[in-house]
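>>> Next input, structure requested:
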Amino acid sequence: MAVEGNANDLAQVVVLLAAGVVAAPLFKRIGLGSVLGYLAAGLVIGPFGLGAFSDPQAIIHIAELGVVMFLFIIGLEMQPSRLWSMRKDIFGLGALQVVTCMAGLTLIGLALGFSLIPSFVAGTGFVLTSTAIVMQMLQERNSMSTLKGQRIIAILLFEDLAIVPLLVLVAFLGAGGEAVTLSERLLSIGIALAAIVALIVAGRYLLNPFFRLLAASGAREVMTAAALLVVLGSALLMQVSGLSMAMGAFLAGVLLSESSFRHQLEADIEPFRGILLGLFFLGVGMAIDLTVIAANWQLVMMSVVAYMLVKALLIYCVARVLGTCQRESIERAVLMAQGGEFAFVLYSAAAAAGILDAEANAVLTATIIISMILTPLMVIAHDRIMPKKLPETGDLDLPENVEGSILMIGFGRFGQIVSQPLLARGYTLSLVDKDADFVRDASSFGFKVYYGDGSRAEILHAAGAGSARAVLICVDDKEAAIRIAEIVKHEFPLVPVLARAYDRGHALDLLKAGVDYQIRETYESALNFSEKVLTAVGEEIELAERLVEEFRDVDKERFALEVVGGVYAGRSLIRGNAQPADIVAARTARERAEREAREEAAQES
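The predicted structure is shown next:
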């Protein structure tokens, strides 16, 4: 029997992993995001799908550790000074959004037929945004470190802090609230504060010496175990003191953010975080109770629409009142319109306190889960419907009848270096770039750069390409460089065109587009670096220089073959480290002899 039980447990683990491995990449590939993939997979393998699992709540409770570890990693990125600089957003923006949404969503509950206290609890639970979903969406959109991302994180932090007083308030409003004395409440607050102080003291004075001692042992697995111990131990300390596990992990991360072990800890925790967070979303998908939704589908659908619309509208209004631009306000409203995992905790506490009956709890839980499922779809719709942000260019000069002896398109790090010898010789440069912010910044360094897209013929005419002695294509976009080259050679066939290439393939494409000269952007710096490496390991300077020059000759020969036969035509001239040393040495000697013979023949002629 024990063997059968173990086999069944193993089978469930395999099903979970298979569902996540198949669904997440598939949904991400078709543009729906990994979160929606996990949720859909959970629904398929859950009690109302294939029935592989009968107790999704047990999985959610375990997988909540993924959220805990996510908050720990976020804390590692938040140095105390940086967190202090966010205090206005946390306690200003966060508090205003939470209070405003609590008031508005309480009215929704009353409109749906709940009495005042259940309406307040229902609306308050929906105010608590899903940290897991929003953080994952911010990460996938590369917005974690942006200002708009930091403001959203600040709001989420305040909501995590708010769960504690909200749980106390639910206990007070419940039928047993009067049984809790004032001294007991003060004691619980004192325990919570003592836990926070203990965590701060341990993080400040004990964690760094602790990790230094373990690092000295040289056992990598011990460091990983210690990282998990810190995360789970701090989460447990906060939980037993009545606070949020996620908040404990976040504080531990903040306290270690300036540690020399920070990057090691992040690398150790990241795999566990990713797996458990995916497991959390799978559990949420499993928890969708289709019988409750079917029996109360009208109420559930009305609740989802009403709560999400009103919450999004209130978030947008708060953002606009505080001076946030319309684009960011809409994006924040879409990302944070759903309810979150902490609502499950709040609703369970309310049911235990007699505020919500079993049916109301099930309806509200279904409402939260459906709102979480809809969020990735709303974000996709937002990204497709919302027009792309156009740069502010009203204060920038467009090229018009510009005359310069050399026209340079693209004035980034490559073009800036190219410009210096030309300017030193006295040539006048006409500079064009389509990065509006960079065009503004360039003026503070003494450059006059015109705003414009070099792939448009009218911009090239206005920038003086027709009268230029040469056109330099220095953009870092491969496709754009080829388009510009084709247009310039079509419009101004007599003007020499010199271009920056990304790699060999791009260099060949540029030659086909008609450029007169191209150079790979890393070619010269890589050769110089290789020469320095040879001298650093003990070779003579003359030998290092000769080896580099020999490579130049071989590379020219290889490139000539590739111009005719394609990028693979010169493979026989490449020196690879998978070849035996004697073959490489023999080939090198043969190439040197052939080269010397050619040089002697040229001298005799």
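
>>> Which positions in stretch 552-569 come out as buried?
Under the neighbour-count criterion of 16 or more other Cβ atoms under 10 Å, stretch 552-569 has 554, 555, 558, 559, 561, 562, 567 buried. For glycine as for every other residue, the C-beta is placed from the backbone atoms N, C-alpha and C.

>>> CA atoms only: put that stretch into PDB for me.
Provided in PDB are the C-alpha atoms of stretch 552-569 (Å, rounded to 0.1, in the frame of the first residue of the first chain):
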ATOM      1  CA  ARG A 552      44.100  39.800 -41.700                       C
ATOM      2  CA  ASP A 553      45.300  38.300 -44.900                       C
ATOM      3  CA  VAL A 554      43.500  35.000 -44.300                       C
ATOM      4  CA  ASP A 555      40.300  36.800 -43.400                       C
ATOM      5  CA  LYS A 556      40.400  38.900 -46.600                       C
ATOM      6  CA  GLU A 557      40.800  35.700 -48.600                       C
ATOM      7  CA  ARG A 558      37.900  34.100 -46.700                       C
ATOM      8  CA  PHE A 559      35.700  37.100 -47.200                       C
ATOM      9  CA  ALA A 560      36.400  37.200 -50.900                       C
ATOM     10  CA  LEU A 561      35.300  33.600 -51.100                       C
ATOM     11  CA  GLU A 562      32.100  34.400 -49.200                       C
ATOM     12  CA  VAL A 563      31.200  37.300 -51.400                       C
ATOM     13  CA  VAL A 564      31.000  34.800 -54.300                       C
ATOM     14  CA  GLY A 565      29.800  31.600 -52.500                       C
ATOM     15  CA  GLY A 566      28.000  32.700 -49.400                       C
ATOM     16  CA  VAL A 567      28.900  32.800 -45.700                       C
ATOM     17  CA  TYR A 568      30.000  29.200 -45.500                       C
ATOM     18  CA  ALA A 569      32.300  29.300 -48.600                       C
END
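
>>> Can you give the contact residues for that stretch?
With Cβ atoms under 8 Å, 6 or more residues apart in numbering as the test, stretch 552-569 has contacts from 504, 505, 507, 508, 511, 527, 570, 573, 574, 591, 595.

>>> Now that stretch: average pLDDT?
The average of the pLDDT scores along stretch 552-569 is 81.

>>> likewise stretch 104-124?
The model assigns stretch 104-124 a mean pLDDT of 87.

>>> and stretch 493-506, how far apart are its ends?
Taking Cα to Cα, to the nearest Å, the first and last residues of stretch 493-506 lie 21 Å apart.

>>> Which helix or strand contains residue 569?
If you go by DSSP states H and E, residue 569 is not part of any helix or strand.

>>> how close does it get to residue 561?
4 Å (Cβ to Cβ, to the nearest Å).

>>> repeat for residue 186
Counting by Cβ to Cβ, the gap from residue 186 to residue 561 is 84 Å.

>>> can you list the buried residues of stretch 552-569 in JSON lines and add distance to residue 318 and secondary structure?
JSON lines is the format used below for these (distance: Cβ to Cβ, whole Å; DSSP: H, G, I helix; E, B strand; the rest coil):
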{"residue": "554", "distance to residue 318": "65", "secondary structure": "helix"}
{"residue": "555", "distance to residue 318": "60", "secondary structure": "helix"}
{"residue": "558", "distance to residue 318": "62", "secondary structure": "helix"}
{"residue": "559", "distance to residue 318": "60", "secondary structure": "helix"}
{"residue": "561", "distance to residue 318": "64", "secondary structure": "helix"}
{"residue": "562", "distance to residue 318": "59", "secondary structure": "helix"}
{"residue": "567", "distance to residue 318": "55", "secondary structure": "coil"}
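
>>> Dump these to CSV, plus distance to residue 547.
Converted to CSV, the buried residues of stretch 552-569 look like this (distance: Cβ to Cβ, whole Å):
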residue, distance to residue 547
554, 11
555, 12
558, 16
559, 18
561, 21
562, 22
567, 24
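
>>> and the two most separated of the residues you listed?
554 and 567 (15.9 Å; Cβ to Cβ).

>>> quick one on the thing from earlier: any idea which of the contacts of stretch 552-569 is closest to residue 92?
Set against residue 92, the nearest of the contacts of stretch 552-569 by Cβ to Cβ is residue 505 (52.1 Å).

>>> Flag every buried residue along the helix or strand that contains the closest one.
Following DSSP H and E, one finds residue 505 within helix 504-513. By neighbour count on 16+ other Cβ under 10 Å, the buried set for helix 504-513 is 504, 506, 507, 508, 509, 510, 511, 513.

>>> Now for those: which two are most distant?
Every pair of the buried residues of helix 504-513 checked by Cβ to Cβ; the farthest is 504 and 513, at 15.0 Å.

>>> In three-state terms, label residue 450 for me.
strand (DSSP: H, G, I helix; E, B strand; the rest coil).

>>> That one reaches residue 430, doesn't it?
Yes. Between residue 450 and residue 430 there is a contact at 7.3 Å, judged by Cβ atoms under 8 Å.

>>> more crowded one of the two?
residue 430 (23 against 20; other Cβ atoms under 10 Å).

>>> Report how many residues lie close to residue 570.
There are 20 residues near residue 570, going by other Cβ under 10 Å.

>>> Starting from residue 519, give me the distance back to it.
Residue 570 sits 18 Å away from residue 519, going by Cβ to Cβ.

>>> and what of residue 49?
58 Å.

>>> ok, now residue 106?
Residue 106 is 66 Å from residue 519, by Cβ to Cβ.

>>> before we move on, back to that, now, which of the buried residues of helix 504-513 sits nearest residue 289?
residue 506 (55.3 Å).

>>> Is that closest one in contact with residue 480, as I believe?
No. Counting by Cβ under 8 Å, residue 506 stays clear of residue 480, with 11.3 Å between them.

>>> what about residue 45, how many neighbours?
If we define neighbours as other Cβ under 10 Å, then residue 45 has 22 of them.

>>> what helix or strand does the residue lying closest to it once chain neighbours are set aside sit in?
Sequence neighbours aside, residue 52 is the residue nearest to residue 45 in space, at 4.5 Å (criterion: Cβ to Cβ, 6 or more residues apart in numbering). Using DSSP H and E, residue 52 sits within no helix or strand.

>>> and the helix holding residue 505, how far out from the chain's middle?
Its chain's C-alpha centre and that of helix 504-513 lie 33 Å apart, by Cα atoms, centre = their mean, to the nearest Å.
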